[in-house]
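> Next input, structure requested:
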Amino acid sequence: MARDPESWDDPEDFVPERFENSSVDFKGNHYQFIPFGAGSRICPGMQYSLADVMYPLAKLLYHFDWKLPNGKQPEDLDMTETFGITANRKNDLYLIAIPHDLSKY
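Sure thing, here's the model as predicted:
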């Protein structure tokens, strides 16, 4: 369903911006995109998995500033995907984590 050409323009392309200002969510209310299932068979671990991803991500973003290595710019990144069940990047993303100095604030 997530790659249905009747629901999405360019369904095979990784375009996360398609969800900006969109009412489509992942909680089973819209059938274009239901990674956790829907209805009586919805994933019982959905709330846990969301917290399990959001909390560590928030901690990483709060405590570190991030930059690309070797002077690369965001537009230089290769966002090519590999074929599979999930959308994996063909090439790994390398970032440099710089501890955020909270004493400045």
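> can you list the domains in the protein?
Structural domains annotated on the chain: 1-43, 47-104, as defined by the TED database.
> model confidence over the shortest one, on average?
For domain 1-43, mean pLDDT rounds to 72.
> could I get the domains of the chain as a markdown table with mean neighbour count?
C-beta: built from backbone N, CA, C; applies to glycine. Shown next, in a markdown table, are these (neighbours: other CB atoms under 10 Å):
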| stretch | mean neighbour count |
| --- | --- |
| domain 1-43 | 12 |
| domain 47-104 | 10 |
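> so where do the strands sit in the chain?
When secondary structure is read from DSSP state E, the chain shows strands at 64-67, 96-99.
> Run through who's touching the first one.
Under the contact criterion CB atoms under 8 Å, 6 or more residues apart in numbering, strand 64-67 has outside partners 95-100.
> Relative to that strand, what are the paired strands and their orientations?
strand 96-99 (antiparallel) (DSSP bridges).
> Cool, thanks, talk later.
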